[in-house]
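K.L.:
just a sequence and a predicted model for now, questions to come.
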Amino acid sequence: MIADVSKSDKIVVEKSTVPVKTAEAIEKILTHNSKGINFQILSNPEFLAEGTAIQDLFNPDRVLIGGRETPEGQKAIQALKDVYAHWVPAERIICTNLWSAELSKLAANAFLAQRISSVNAMSALCEATGADVSEVSHAIGKDTRIGPKFLNASVGFGGSCFQKDILNLVYICECNGLSEVANYWKQVVQVNEYQKNRFVNRVVSSMFNTVSGKKIAILGFAFKKDTGDTRETPAIGVCQGLLGDKAILSIYDPQVPQELIQRDLSMHKSELDKPPHLRPVNAVAIEQVTCVGDAYEAAKGAHGICILTEWDEFKTLDYKKIYNNMNKPAFVFDGRNVVDIEKLRQIGFIVYSIGKPLDAWLKDMPAVA
Ligand SMILES: NC(=O)C1=CN([C@@H]2O[C@H](COP(=O)(O)OP(=O)(O)OC[C@H]3O[C@@H](n4cnc5c(N)ncnc54)[C@H](O)[C@@H]3O)[C@@H](O)[C@H]2O)C=CC1
Ligand SMILES: O=C(O)[C@H]1O[C@H](OP(=O)(O)OP(=O)(O)OC[C@H]2O[C@@H](n3ccc(=O)[nH]c3=O)[C@H](O)[C@@H]2O)[C@H](O)[C@@H](O)[C@@H]1O
């Protein structure tokens, strides 16, 4: 397409996250169809996060531009650098060779996801030992070599990119015969799966080893707050796990529409990473699931509440009112560490919060049901 319409030399910029060496493939295709036109391929990976896209665009930690080490390649890098120079300070623009830029994007996401799996692995150990994962995160994050960001334990990381990009990295490692390296990164995804399963097992084992026929309120379905995106959201795995034990789910998310939740929960795992409009609708909507307009409605008559996204509004709910309208004993399972545990225990809730010292109710129950 680009080769067809180009009438003069062009710079083609990869913004998407791609396997290492994609620029070479693009270069070959364009060059073979070029009709004498010169194409320079640059890798300029995108580092913005959903929910903060505009801030990230205007004030990026860094901009990365990779190009060929030839004079033409360097000229192309300079041209793109000049565009960014309008709003990004020169010292934040990093120029590398093509393969470093492509690999750095995969590496950045792998490192970020690895941090979350590391803290989530710690959260299991905290529950076993009586340590508090927030205190551990705070303590280790004070070491400037570690830093305080991205150390919040959770029910698991989600989003369209972390898992995809790690599996991309794993594939590249395997293609290059680096099976130990591949296995190392695979483990980040495996710990993430473990964390979701561990959460479901906590819910089931706490509620007398079954949630069959019990109403459970799900607060939050998006993969993180301030977005309606549900791709790879940990909520899918948790809800499917609870549905597997025949729970009745009442789901509330401030941004995710009911139709998308129904689709996500009625689909096979392999279809879930497609964009919403390309996902097939299962004719049989899940009978055990209803979606409601607020948290109070979701929790009415419920036996337990699972908080799966850290929406700010979940911090300030009237939990006394919620408690009064629930079945007893009433449980809160906080997968994002947003509630005030002591306050909720005083109201009468049995509270489980990821990586926090266990409620007396839960102490003698197995973490894996
Ligand atoms: N969503 C995000 O916050 C970020 C995304 N990225 C990267 O940006 C890229 C796009 O991400 P999203 O916009 O979230 O994905 P998306 O899935 O929402 O959009 C991808 C688009 O590409 C189209 N597409 C897929 N295969 C195609 C093909 N073979 N030919 C033509 N079109 C095709 C799809 O129909 C879709 O419209 C990905 O590589 C992602 O890793 C990078 C940083 C942040
Ligand atoms: O390549 C991409 O698509 C983008 O992927 C992530 O951005 P995003 O997926 O939008 O969201 P994050 O803020 O990174 O959160 C990812 C997941 O990790 C979880 N998370 C994050 C931080 C934390 O401390 N704990 C934790 O569980 C979030 O709840 C969420 O489910 C990266 O942060 C971006 O830099 C990158 O550009």
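P.N.:
The structure has been received and is ready for your questions. Note that this is a predicted model, so its numbers are computed, not measured. Residues are numbered from 1 along each chain as shown. Ligands and ions are numbered 1, 2, ... in the order given.

K.L.:
now the phi/psi pair for the nearest residue to residue 327 once chain neighbours are set aside, please.
P.N.:
Distances taken as Cβ to Cβ, 6 or more residues apart in numbering put residue 303 closest to residue 327, at 4.7 Å, once the chain neighbours are dropped. No exception for glycine: its C-beta is placed from N, CA and C like everyone else's. Taking degrees, to the nearest 10, you get phi -90, psi -30 for the backbone angles of residue 303.

K.L.:
close enough to count as contact, residue 303 and residue 216?
P.N.:
Yes. Between residue 303 and residue 216 there is a contact under Cβ atoms under 8 Å: 6.6 Å.

K.L.:
burial of the residue nearest to residue 327, as a residue count?
P.N.:
Residue 303 is flanked by 21 other residues according to other Cβ atoms under 10 Å.

K.L.:
also residue 155?
P.N.:
A count of nearby residues for residue 155, using other Cβ under 10 Å, gives 30.

K.L.:
where's it relative to ligand 1, distance?
P.N.:
Distance, residue 155 to ligand 1, by Cβ to the nearest ligand atom, to the nearest Å: 20 Å.

K.L.:
give the contact list for that residue.
P.N.:
195-196, 199, 234, 238, 308, 335-336, 354 (Cβ atoms under 8 Å, 6 or more residues apart in numbering).

K.L.:
what sits against the residue nearest to residue 327?
P.N.:
Counting by Cβ under 8 Å, 6+ apart, residue 303 touches 207, 211, 214-216, 326-327, 330-331.

K.L.:
same thing with residue 252?
P.N.:
217-220, 291-295, 297-298.

K.L.:
what's the closest of these to ligand 2?
P.N.:
residue 220 (10.0 Å; Cβ to the nearest ligand atom).

K.L.:
ignoring the adjacent residues along the chain, who's closest to that closest one?
P.N.:
residue 309 (2.6 Å).

K.L.:
give me phi/psi at that neighbour?
P.N.:
The phi/psi pair for residue 309 (degrees, to the nearest 10) reads phi -130, psi 140.

K.L.:
that one and residue 225 touch, don't they?
P.N.:
Yes. Using Cβ under 8 Å, residue 309 is in contact with residue 225, at 5.8 Å.

K.L.:
near ligand 1, anything from stretch 229-242?
P.N.:
No. Applying Cβ under 6 Å from any ligand atom, one finds stretch 229-242 separated from ligand 1 by no less than 7.6 Å.

K.L.:
check whether that stretch comes near ligand 2.
P.N.:
No. No part of stretch 229-242 sits close enough to ligand 2 to count as contact by Cβ under 6 Å from any ligand atom; the gap is at least 6.7 Å.

K.L.:
any idea how far ligand 1 is from residue 307?
P.N.:
Taken as Cβ to the nearest ligand atom, the span from residue 307 to ligand 1 is 23 Å.

K.L.:
residues touching that residue, list them.
P.N.:
Contacts of residue 307 (Cβ under 8 Å, 6+ apart): 219-220, 314, 332-336, 338-339.

K.L.:
what of residue 19?
P.N.:
102, 168, 171-172.

K.L.:
the chain: strands as residue ranges?
P.N.:
Using DSSP state E, the strands of the chain run over 10-14, 39-43, 63-67, 93-97, 215-219, 248-252, 289-291, 304-307, 331-334, 350-353.

K.L.:
quick one: strands adjacent to the shortest one?
P.N.:
Okay, so that is strand 289-291. strand 248-252 (parallel) (DSSP bridges).

K.L.:
just the C-alphas of the partner strand, formatted as PDB.
P.N.:
Presented in PDB, the C-alpha positions along strand 248-252 are these (Å, rounded to 0.1, in the frame of the first residue of the first chain):
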ATOM      1  CA  ILE A 248     -24.600 -16.200  40.700                       C
ATOM      2  CA  LEU A 249     -22.700 -13.000  39.800                       C
ATOM      3  CA  SER A 250     -24.000  -9.400  40.000                       C
ATOM      4  CA  ILE A 251     -21.500  -7.200  38.200                       C
ATOM      5  CA  TYR A 252     -21.000  -3.400  38.400                       C
END
